[in-house]
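> Compute the structure for the input listed below.
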Amino acid sequence: MFWRKQTSHFESDDAEQRQAKIKELRAALGPLSARGEKYCNEACLVRYLEARNWNVDRSRKMLEESLEWRAARRPEDIRWTDVSVEAETGKMYRAPFTDREGRTVIVMRPTKQNTSSHEGQLRYLTYTLENAVLNLPQGQDKMVWLIDFTGWTLAHRSPFKTSRETMNTVQNHYPERLSAAFMFNPPKIFEASFKVYPFFFINVVLHVSFLSRRLSY
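From the prediction side, this is the model:
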């Protein structure tokens, strides 16, 4: 089973219209810190605009919230020593290979969950996403997720608080980063939901197994 991002309804081939929106968003943000300037390059602005269907006001609000989150969490400063305990079982990691199109692949194995630390799990999620973004090949800005559900049961689900903040982190602070999510050996209970409501299905996955997807709606 897999989920693939739907394309935007915005006329992306209209270069003049795109640049006008990007310029408008940059102006709306106003003066930024040095970290903010570094983060808010043109590709970043485009991702936030795409995530909000090129509505500048909504994109600005989303990006400002991300800048506040990054200032508080400082994801770029997380180091391996800060998350090594979370990584011991291989529950989530950047794969040593790319997909056919050269995109970074993140492997997730929810049955390997090994801690109950809310902050630790969120820090490790952030570290993995930041690492994946940094290792995207030139010309790529999206990644692929391979989610291995082998052996998964309801006993492996994470607390609601952790799942909710996981959803919030990926939805609001890493928009337009997921190209496709492939699910290996998904539980039968998920199949009907996926076929009828694919976006609802992935929300269920997020809630019960501490996984993440690109959510921007």
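> When you work out contacts or count neighbours from here on, use the C-alpha atoms and nothing else.
Fine.
> Give me the distance between Asp82 and Tyr127.
9 Å (Cα to Cα, to the nearest Å).
> Which of the two has more residues huddled nearby?
Neighbour comparison, Asp82 and Tyr127: the larger count goes to Tyr127, with 21 against 13 (by other Cα atoms under 10 Å).
> Break this structure down into its domains, please.
Split into domains by the TED database, the chain comes to 4-73, 78-194.
> centre of the chain versus the longest one, how much separation?
Using Cα atoms, centre = their mean, to the nearest Å, the distance from the centre of domain 78-194 to the centre of the chain it belongs to is 8 Å.
> Over to the first one?
Put simply, domain 4-73 sits 16 Å off its chain's centre (Cα atoms, centre = their mean).
> Show the average pLDDT along it.
The average pLDDT within domain 4-73 is 89.
> cool, and stretch 163-181?
pLDDT averaged over stretch 163-181 gives 89.
> May I have that stretch exported as PDB, CA atoms only?
This file holds the C-alpha atoms of stretch 163-181, laid out as PDB (Å, rounded to 0.1, in the frame of the first residue of the first chain):
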ATOM      1  CA  SER A 163       1.000  11.300  18.400                       C
ATOM      2  CA  ARG A 164      -0.800  14.700  18.400                       C
ATOM      3  CA  GLU A 165       2.500  16.700  18.700                       C
ATOM      4  CA  THR A 166       4.100  14.400  16.100                       C
ATOM      5  CA  MET A 167       1.200  15.300  13.700                       C
ATOM      6  CA  ASN A 168       1.600  19.000  14.600                       C
ATOM      7  CA  THR A 169       5.300  19.000  14.000                       C
ATOM      8  CA  VAL A 170       5.200  17.400  10.600                       C
ATOM      9  CA  GLN A 171       2.000  19.100   9.500                       C
ATOM     10  CA  ASN A 172       3.100  22.600  10.400                       C
ATOM     11  CA  HIS A 173       6.900  22.600  10.200                       C
ATOM     12  CA  TYR A 174       7.900  20.300   7.400                       C
ATOM     13  CA  PRO A 175       5.300  21.000   4.700                       C
ATOM     14  CA  GLU A 176       5.700  19.700   1.200                       C
ATOM     15  CA  ARG A 177       8.500  17.400   2.100                       C
ATOM     16  CA  LEU A 178       6.900  14.000   1.500                       C
ATOM     17  CA  SER A 179       6.600  12.700  -2.000                       C
ATOM     18  CA  ALA A 180       5.300   9.200  -1.300                       C
ATOM     19  CA  ALA A 181       4.700   6.900   1.600                       C
END
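> For it, buried residues please.
163, 165-167, 169-181 (16 or more other Cα atoms under 10 Å).
> quick one: which of those residues sit in strands?
Judged by DSSP state E, strands contain the following of the buried residues of stretch 163-181: Leu178, Ser179, Ala180, Ala181.
> Return the closest of these with respect to Gly90.
Ala181 (18.2 Å; Cα to Cα).
> So in terms of bridging, what pairs with that closest one?
Trp3, Trp145 (DSSP bridges).
> Correct me if wrong: it contacts Leu146.
Yes: counting by Cα atoms under 8 Å, Ala181 touches Leu146, with 5.9 Å between them.
> before we move on, back to that, columns distance to Glu64 on top of the ones in strands among the buried residues of stretch 163-181, output as a markdown table?
Listed next are these as a markdown table, based on distance: Cα to Cα, whole Å:
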| residue | distance to Glu64 |
| --- | --- |
| Leu178 | 21 |
| Ser179 | 24 |
| Ala180 | 26 |
| Ala181 | 27 |
